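Undergrad: Take a look and give me a structure for this.
(one chain, ligands or ions: 1)
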Amino acid sequence: MARAEIIDGTATARALRARVADATARLAADHGVVPGLAVVLVGDDPASQVYVRSKSRALAEAGMAAFDHRLAAGTTADQLDQLIGSLNRDPRVSGILVQLPVPPPLEVARLQAAIAPDKDVDGFHVANAGRLAQGWPAPVPCTPLGCLILLRQRFGTGLSGMRALVVGRSNIVGRPVAQLLLNADCTVTVAHSRTADLAAECRRADILVAAAGRPGLIRGDWIKPGATVLDVGVNRLAPAGADPGAKPRLVGDVRFDEAVEVAGAITPVPGGIGPMTIACLLVNTLAAAQRRAGLPPMPEAVP
Ligand code: GUN
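TA: This is a model prediction of the structure:
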């Protein structure tokens, strides 16, 4: 069997970001509107700090405004509500993102409910999750949107009738990606930590989306020959060797070395889904600004 095609998320994300930058420049020139994203980081989680910095950089490169809010780990729910309320009212702010996870005792559900649904670029508000579940247009969570864009690029409308397995049922990835695949007429199964025979479920899947957050969970001999594998896992493992300054190794949920010998196509980690997530955040921020200005959102925002 031939080795799998490596799906180049970095290249697709670069092209998407260029289209977003073009549309952003047109929005500014034709309508005087500059999309702006408020990025809120609570606490000092090092991985979140890296993510937030790369989001702000990507916004600037696309010609958008970034409003950064760094809050102490001890920020109360009332203080966070107040900040979100002021961002909801601020006309310069098209979208609001509170980086997850937030330190306890802050509750994710409460802060997500506080964000105005039309500024919810993460698509996490229950109103938007409900719209997605009913097949209505809605802001779609960024990682799932990135997955669907890569699949549409490969299969177009041929996704219809394909058997898809989503491994993981989080609100950030598993559930929304399953809804998107269902809306695209796939036959969708959602597996999770209590699934009885995960290997057997995997072997039936034409499309396998791995979003369990467990390094190397999915083995090569679980994959249906020729299947398309999207590895959403971003697991940081301690570096090999004794160098204390060495960076952690990033690995996915799929054993890439094994899966690449069986799959038809596979996303690498890093360089697969990760860059698509940031590109889709730009898509959603632009779409929020376009909707606010009474204009249709760019097509990629409406999968
Ligand atoms: N943390 C990890 N992924 C995400 C995401 O997509 N959005 C937010 N807000 N936080 C995250």
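
Undergrad: Could you use CA atoms for every contact and neighbour count after this?
TA: Fine.

Undergrad: how close does Pro103 get to Ala199?
TA: Pro103 sits 35 Å away from Ala199, going by Cα to Cα, to the nearest Å.

Undergrad: Likewise for Pro141?
TA: 27 Å.

Undergrad: ok, these two, which is more surrounded?
TA: Pro141 (26 against 16; other Cα atoms under 10 Å).

Undergrad: That one contacts Gly123, doesn't it?
TA: Yes: using Cα atoms under 8 Å, Pro141 is in contact with Gly123, at 4.7 Å.

Undergrad: where does the closest residue in space to Leu286 that isn't next to it in sequence land on pLDDT?
TA: Nearest residue to Leu286, sequence neighbours excluded (Cα to Cα, 6 or more residues apart in numbering): Pro35, at 5.9 Å. Looking at Pro35, its pLDDT reads 98.

Undergrad: Isn't Pro35 up against Leu282?
TA: No: Pro35 is beyond contact range of Leu282, at 9.3 Å (criterion: Cα under 8 Å).

Undergrad: got the contact list for Val20?
TA: Neighbouring residues of Val20 by Cα atoms under 8 Å, 6 or more residues apart in numbering: 62, 282-283, 286.

Undergrad: go on, Leu281?
TA: Leu281 is in contact with 121-122, 142, counting by Cα under 8 Å, 6+ apart.

Undergrad: Neighbour-wise, give me the winner out of the residues you listed.
TA: When neighbours are taken as other Cα under 10 Å, the top entry among the contacts of Leu281 is Val121 (31 neighbours).

Undergrad: Does that one touch Ala138 like I think?
TA: No: checked against Cα under 8 Å, the pair Val121 and Ala138 is beyond contact range at 9.7 Å.

Undergrad: what is in contact with the two at once?
TA: Here Val121 and Ala138 have no joint contacts, going by Cα under 8 Å, 6+ apart.

Undergrad: So which residues on the stretch 101-250 of the chain come close to the ligand?
TA: Counting by Cα under 6 Å from any ligand atom, the stretch 101-250 of the chain comes close to the ligand at 101, 122, 142.

Undergrad: Out of these, list just those in helices.
TA: Cys142 (DSSP state H).

Undergrad: Quick check, pLDDT for the closest residue to the ligand within the stretch 201-303 of the chain.
TA: Residue of the stretch 201-303 of the chain nearest the ligand, by Cα to the nearest ligand atom: Thr277 (7.1 Å). Predicted confidence (pLDDT) for Thr277: 98.

Undergrad: now do Gly245
TA: Gly245 is assigned 79 on the pLDDT scale.
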